[in-house]
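Asks: Prediction below, plus the sequence it came from.
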Amino acid sequence: MNLMPIQKRCRRMVFLVGLCLLLPACSMELYTNLEEREANQILSVLLRNGIDVQKIAGKERTWGLRINKADMTQAIQILEKEGLPRDRFESIGKIFKKQGLVSSPLQERILYLYALSQQISETISHIDGVLTARVLVVIPENNPLSDKIRPSSASVFVKHIEATDLQTSIPKIKQLVVDGIEGLSYENVTVVLFPSESTFLPLEPAHYRRIFLIDLSPGSVIPFWILVGGLALVSASIPIGIAYGLRYKRTSRADGRQKGDSSLQPDADYTAS
């Protein structure tokens with residue numbers, strides 16, 4: 001008997017069952033439409049904390065991240081503490097590209113101030129320990145007929161990781177704002193620091209469990225056992241399928257021999273004649 005067709009069917013069954021068990025392994029999207037640099041940052045942070053994460057390519061050179069559903073709460077807490085994902089800021093080119101060809105001087109002024117604040121805020125947010133930053137720029141309109149000139153000013157809001165001391169960085173932040181905005185003096189820049197006060201409970205370090213010489217994160221243990229149980233069930237059914245195939249083959253041969261023997265017997269009418 002040729003057992004190859006049965007073995008092939010069994011292998012296909014094992015593959016399909018394994019695939020079906022892996023798909024519902026509680027995997028779900030954490031973030032989508034991420035730039036590659038930011039996706040790599042989040043990937044690195046989660047892997048360092050013992051959370052399994054998959055990086056998936058998206059549309060228009062963007063990336064997504066998928067994790068086990070059981071790890072979702074812990075992952076959000078970790079990323080909250082790290083200030084990830086970062087706030088997205090618009091560049092000057094994108095801001096003015098959205099507008100029509102014709103705009104009033106007031107609109108151009110507002111857009112210009114907004115674009116400046118976005119650009120400087122993004123630069124400050126790249127400082128180590130900074131979670132988010134906002135820059136509010138005020139450039140008053142001065143009356144050309146008046147001798148009194150109202151100076152420009154800027155206020156900088158910085159939310160940072162509580163363990164990071166940014167007091168020594170305030171002069172550098174102020175200088176950064178002064179250099180980015182024309183006509184702004186150092187004395188008219190105010191920087192206010194706010195340490196992050198997270199409401200989340202402290203995270204316990206993630207512990208891997210070794211099963212069959214494989215290190216698994218806590219969120220992967222249950223899906224792993226489901227997969228092992230399913231594969232064991234399918235593997236146990238293979239001998240049953242082979243035994244059934246052998247029995248069917250023997251029955252078919254026996255039926256064939258019986259038909260052959262009946263065809264060799266002489267016809268009753270012919271014998272009587």
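Replies: Yep, it's here.
Asks: Now do stretch 112-122, average pLDDT.
Replies: Stretch 112-122 carries an average pLDDT of 87.
Asks: what about the helices in the stretch 101-250 of the chain?
Replies: Taking DSSP state H, counting those that start in this stretch as the criterion, the stretch 101-250 of the chain carries its helices at 105-125, 170-180, 218-264.
Asks: low-scoring pLDDT stretches of the stretch 151-273 of the chain, where are they?
Replies: 198-222, 224, 234, 241, 244-245, 248-249, 252-273 (pLDDT under 70).
Asks: cutoff 80 now
Replies: 197-273 (pLDDT under 80).
Asks: Let's see stretch 32-43 as PDB, backbone CA atoms only.
Replies: Written as PDB, here are the backbone C-alpha positions of stretch 32-43 (Å, rounded to 0.1, in the frame of the first residue of the first chain):
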ATOM      1  CA  THR A  32       0.200  51.500  13.300                       C
ATOM      2  CA  ASN A  33       1.500  54.100  10.900                       C
ATOM      3  CA  LEU A  34       4.800  54.600  12.700                       C
ATOM      4  CA  GLU A  35       8.000  55.800  11.200                       C
ATOM      5  CA  GLU A  36      10.700  53.200  11.100                       C
ATOM      6  CA  ARG A  37      13.000  55.000  13.600                       C
ATOM      7  CA  GLU A  38      10.100  55.300  16.100                       C
ATOM      8  CA  ALA A  39       9.000  51.700  15.600                       C
ATOM      9  CA  ASN A  40      12.600  50.500  16.300                       C
ATOM     10  CA  GLN A  41      12.700  52.600  19.500                       C
ATOM     11  CA  ILE A  42       9.400  51.100  20.700                       C
ATOM     12  CA  LEU A  43      10.600  47.600  19.600                       C
END
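Asks: tell me the mean pLDDT over it?
Replies: Averaging pLDDT along stretch 32-43 yields 88.
Asks: Provide the contact partners of that stretch at residue level.
Replies: With contacts defined as Cβ atoms under 8 Å, 6 or more residues apart in numbering, stretch 32-43 is touched by 30-31, 53, 55, 58, 61-65, 79, 84-86. No exception for glycine: its C-beta is placed from N, CA and C like everyone else's.
Asks: Just the residues you listed: which are in strands?
Replies: If you go by DSSP state E, the contacts of stretch 32-43 have L30, Y31, V53, K55, W63, G64, L65 in strands.
Asks: need the residues you listed in a markdown table with distance to V178 and neighbour count, can you?
Replies: Converted to a markdown table, the ones in strands among the contacts of stretch 32-43 look like this (distance: Cβ to Cβ, whole Å; neighbours: other Cβ atoms under 10 Å):
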| residue | distance to V178 | neighbour count |
| --- | --- | --- |
| L30 | 39 | 22 |
| Y31 | 35 | 17 |
| V53 | 41 | 21 |
| K55 | 40 | 14 |
| W63 | 36 | 20 |
| G64 | 39 | 17 |
| L65 | 38 | 20 |
